[in-house]
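Trainee: predicted model follows, preceded by the sequence.
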Amino acid sequence: MIFPIRVTYGQEKIVTAMLEGRVKSSDVNVKAILYLENIKGYVFIEAESDNDVVKIIQKIRHIKGFINKPIPIQELEPMIKKEVDEAKEYDVGDIVEIKSGGMKGERAKIIKIDKDKGQIVVEPIEVAVPIPIKLKIKNVKLIEKKE
């Protein structure tokens, strides 16, 4: 069963790391802990029972509440697949346009892709000294595929 946990907006990654540490040091039956970039304010825990979830979330900073109604995996699958599909669209050598930050509007070449984290490393094309920049995949737009 998958249980949603309400957390402070923007603290999903930190809460996930704290929960992982708690699971490793205890004997609860938790199979997975997940947060999705496109669902802010929630972390999802796959566990055998709600008692296991309650044991690991107690006294963890940034946890705002526990929703004691498990959700079916079918509701999360479309959101998980969306993030994975975005990463599959890009290849090393592709030309992209940066959509946010100080380099917004600049064209860059992909030099590395980390599909698990949803990040890419790019080198700006139209600069005197190309410096690698790490970006989230959602912050770039594909301009040209490599030949």
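Mentor: Cool, the structure landed.
Trainee: show me what contacts Asp94?
Mentor: 109-110, 142-146 (Cβ atoms under 8 Å, 6 or more residues apart in numbering). Backbone N, C-alpha and C define where each C-beta goes, glycine included.
Trainee: retrieve the pLDDT associated with it.
Mentor: pLDDT for Asp94: 93.
Trainee: same deal with Asn38?
Mentor: So Asn38 comes in at 78 (pLDDT).
Trainee: what is the burial count for it?
Mentor: If you count neighbours by other Cβ atoms under 10 Å, Asn38 ends up with 10.
Trainee: kindly report the same for Pro4.
Mentor: Neighbours around Pro4, by other Cβ under 10 Å: 21.
Trainee: the one 3 residues further on too?
Mentor: The burial metric for Val7, expressed as a neighbour count using other Cβ under 10 Å, is 25.
Trainee: surely it touches Lys64?
Mentor: Yes: applying Cβ atoms under 8 Å as the test, Val7 and Lys64 come out as touching, 6.0 Å apart.
Trainee: find the residue at the geometric middle of the protein.
Mentor: Glu37 (4.4 Å; Cα atoms, centre = their mean).
Trainee: buried stuff in the longest strand along the chain?
Mentor: Criterion DSSP state E: the longest strand present in the chain is strand 107-114. Buried residues in strand 107-114, defined by neighbour count with 16 or more other Cβ atoms under 10 Å: 108-110, 113.
Trainee: same question, stretch 4-19
Mentor: Those would be 4-5, 7, 11-12, 14-16, 18-19, for stretch 4-19 by 16+ other Cβ under 10 Å.
Trainee: how about the strands in this protein?
Mentor: 2-7, 30-34, 42-47, 63-66, 95-98, 107-114, 119-124, 133-136, 140-144.
Trainee: so which of those strands gets nearest Glu89?
Mentor: Glu89 sits nearest to strand 140-144 of all the strands of the chain, at 6.4 Å, using Cβ to Cβ.
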